[in-house]
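1. I would like the atomic coordinates for the input below:
(chains A, B, C and D)
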Number of protein chains: 4
Amino acid sequence: MKVLVIAGSLRTASFNRKLAKLAAAHLREKGHEVDELDLRQVEMPIYDGDLESASGLPDGAKAFRARIAAAQAIFLASPEYNNGVPGGMKNAIDWASRGADQPLKGKVIALGGASPGAYGTTRALSAWRMIFRLVEAFVIPPELALPLASKAFDEHGAFVEDRPKKQLGNLLDELVRVASALSSAS
Amino acid sequence: MKVLVIAGSLRTASFNRKLAKLAAAHLREKGHEVDELDLRQVEMPIYDGDLESASGLPDGAKAFRARIAAAQAIFLASPEYNNGVPGGMKNAIDWASRGADQPLKGKVIALGGASPGAYGTTRALSAWRMIFRLVEAFVIPPELALPLASKAFDEHGAFVEDRPKKQLGNLLDELVRVASALSSAS
Amino acid sequence: MKVLVIAGSLRTASFNRKLAKLAAAHLREKGHEVDELDLRQVEMPIYDGDLESASGLPDGAKAFRARIAAAQAIFLASPEYNNGVPGGMKNAIDWASRGADQPLKGKVIALGGASPGAYGTTRALSAWRMIFRLVEAFVIPPELALPLASKAFDEHGAFVEDRPKKQLGNLLDELVRVASALSSAS
Amino acid sequence: MKVLVIAGSLRTASFNRKLAKLAAAHLREKGHEVDELDLRQVEMPIYDGDLESASGLPDGAKAFRARIAAAQAIFLASPEYNNGVPGGMKNAIDWASRGADQPLKGKVIALGGASPGAYGTTRALSAWRMIFRLVEAFVIPPELALPLASKAFDEHGAFVEDRPKKQLGNLLDELVRVASALSSAS
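-> Residues are numbered from 1 along each chain as shown, chains lettered A, B, ... in the order given. As a prediction, this is how the structure comes out:
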């Protein structure tokens, strides 16, 4: 199965890039094809309906849509900014959702997030669920919201403890199971 | 009182620009000073922690913060994109919230929104409440979520019906009442 | 397929009982077995951990769990009380979720709701999504939040307009499709 | 000032009863009058519109409303059940909100919660914010969501660490400040 893995933060040393890396590694170990998406690869302006009317989707949005369309499932590692989703990542979804053949429809998604604070992005992940529902993507029930992230990764980017490693593995295995079940049924 | 009125959409013909215009007019009639903010005036890149570390806040974010700081209260007319807040407007808040003296703290906010659909941005306004709470702004309980917006405004941008006009007026009067009460008490 | 249809309101003339009736009728027409659950049939006290420790689950909760367990999919027609889920229906879920073999795990759910107001229970349905996620149930992305419900049903309880009838039918067909796909894959 | 302190759980050994006790103690130390409400004192049936039509509000709901009406501010210590508000506590609010002179309107509220899990009731508190907004109560922005509660209290019910003690004190002082500012202004 082809899985798109997205790190929802631009910062190079972001905890969510680390989480995305570990997710990609687990999926590859299990024999899946992984497309690792860095938001810098699909740079796009702030969504503007006038711009869309004048010149259609910007190139970054087109590229983002194509990579979504090519995958059967998505893992998003999202930071939480101010109790909500990161504006930049949401902006990418806003562009991607425009047009009739929007590629998120029917896509199966698993959510993760890591934050230095106590609640581990749990509120951003809840906000993502509402958003992805509207574009008719299926977010699977479990998620990984990792608190106190500054102590969670070692210097090589691996998890210090076994528990999140197992949780991430289970989450991704369930993602693949659900995506596989839904695609074979449609 | 000085009130910052923000239209959360970039599109020129946006319903939320109309709503912001009507809010500004009501506030001026009541003798308040209004600063009408168009997001195009405070253009800024997607939030990026590396960029912030290297060169601090971009000029657009500085200008946005200054205009927030100069106001006693805020009215935000926000569209709803995909069941959530518009990524671009959220990105502006993400930048504005950076740094120790973030200007949203203690600010009193009223929320409105207009959409062509059935639910009138009510879910975006709920998401905004969670976000503004975290930056310690006070969002007042009432809000104006205007459904079926394509029939709500006449060709001069006025409300076709009396009801939303009264609701908007009441909402703004309550905004001023609360902002005034809280500022005199601090 | 066996589908549990729940009306989340106790009131006899509730719009959500009407919605549940119409859902049950559609499912039967499509050849499915339907269990129509009236919350009065599974009366239970307010959840109380001391009561649970002393005497386990009350009979109403046991009966509710058994009916959940016996179904492959669930349609819930929920009213919205004060911007959230009805306390009584939530109380039933709180009891049902207790214990190791909680029957909501893996269950596929579709959500509907009807209200006399402008927003049609959309905020209650969002709250239900967060709740069902935690008990590892799979709520499908589409939902039916029917505003202005006092004009939506005729004197026989049928929809006055075609549009909600089609929406409800599509929602239930999708429920069955997803439940069927996920059960055959596990 | 008279403050109503509510423990949102029925269980005798509940963490939220402990939190409510500590809140009451802080408020008394600061010279305020405290009404400590145990939900067992205001027992009421599940909300049922037919029951309301036939016999009005049950006695428990009337008593609950009277105690809300007599207070200037409220502190609610709420558990989180299944990612949401406890059904029983929500049921009490559903009854209290019925009728024209509903006593929550304009009331100032602070939210706290303690849970044994990692996220400390933060999602239940978000759900409460949406609910209290609709009844036009004013929930102050800060809140205390205390994770890992089984290690947070000593055998006398005091906080083991200083940090939550300070956070609770600050939260309650802010509650009083805001309630005082808003009441003197109206």
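2. out of everything not next to it in sequence, what's closest to A:Phe153?
-> A:Lys18 (5.1 Å; Cβ to Cβ, 6 or more residues apart in numbering or on different chains). Where you see a C-beta, it was placed from the backbone N, CA and C, and this is true even at glycine.
3. I'd say the one you found and A:Ala114 touch.
-> Yes: with contacts counted by Cβ atoms under 8 Å, A:Lys18 reaches A:Ala114, the gap being 7.2 Å.
4. more crowded one of the two?
-> The neighbour comparison of A:Lys18 against A:Ala114 (other Cβ atoms under 10 Å in any protein chain shown) goes to A:Ala114, with 28 against 22.
5. What count of nearby residues applies to A:Arg177?
-> 16.
6. ok, now A:Gln41?
-> 11.
7. what about it, which SS state?
-> helix (DSSP: H, G, I helix; E, B strand; the rest coil).
8. The nearest residue to it once chain neighbours are set aside sits in which helix or strand?
-> Using Cβ to Cβ, 6+ apart and skipping residues adjacent in sequence, the residue nearest A:Gln41 is A:Ala63, 7.2 Å away. Secondary structure from DSSP states H and E places A:Ala63 in helix A:59-70.
9. A:Gly169 too?
-> Going by DSSP H and E, A:Gly169 is part of helix A:162-185.
10. got the contact list for the residue nearest the centre of chain A?
-> What sits nearest the mean C-alpha location of chain A, by Cα atoms, centre = their mean, is A:Leu76, with 1.5 Å. With contact set as Cβ atoms under 8 Å, 6 or more residues apart in numbering or on different chains, A:Leu76 has these partners: A:6, A:8, A:89, A:109-112, A:128.
11. which parts of chain A sit against chain B?
-> Counting by Cβ under 8 Å from any Cβ of the partner chain, chain A comes close to chain B at A:9-12, A:14, A:39, A:43, A:46-51, A:81-94, A:97, A:123, A:127, A:130-131, A:133-135.
12. Those: which ones sit near chain D?
-> Counting by Cβ under 8 Å from any Cβ, the members of these near chain D are A:Arg123.
13. re earlier: I'd like to know which of the contacts of A:Leu76 are part of helices.
-> Of these, the ones assigned to helices by DSSP state H are A:89, A:128.
14. So of the contacts of A:Leu76, which two are at opposite extremes in space?
-> A:Met89 and A:Ala110 (15.4 Å; Cβ to Cβ).
15. picking that back up, now the angle from the helix or strand harbouring the residue nearest to A:Phe153 to helix A:162-185?
-> Element membership for A:Lys18 (DSSP H and E) is helix A:15-29. Put simply, helix A:15-29 runs at 60 degrees to helix A:162-185, going by axes from the mean of the first three to the mean of the last three Cα atoms, to 10 degrees.
16. Helix A:15-29 - contacts with which helices or strands?
-> Applying 3 or more Cβ pairs under 8 Å, 6 or more residues apart in numbering or on different chains; DSSP states H and E, we find helix A:15-29 packed against strand A:2-7, strand A:33-38, strand A:73-77, strand A:108-114, strand A:138-146, helix A:162-185.
17. mind listing what's buried in that helix?
-> A:15-24, A:26-27 (16 or more other Cβ atoms under 10 Å in any protein chain shown).
18. does any part of stretch A:163-182 sit near chain D?
-> No: counting by Cβ under 8 Å from any Cβ, chain D has no neighbours in stretch A:163-182; the shortest distance is 10.9 Å.
19. Mind listing what's buried along that stretch?
-> Of the residues in stretch A:163-182, those buried (16+ other Cβ under 10 Å) are A:164, A:167-169, A:171-172, A:174-182.
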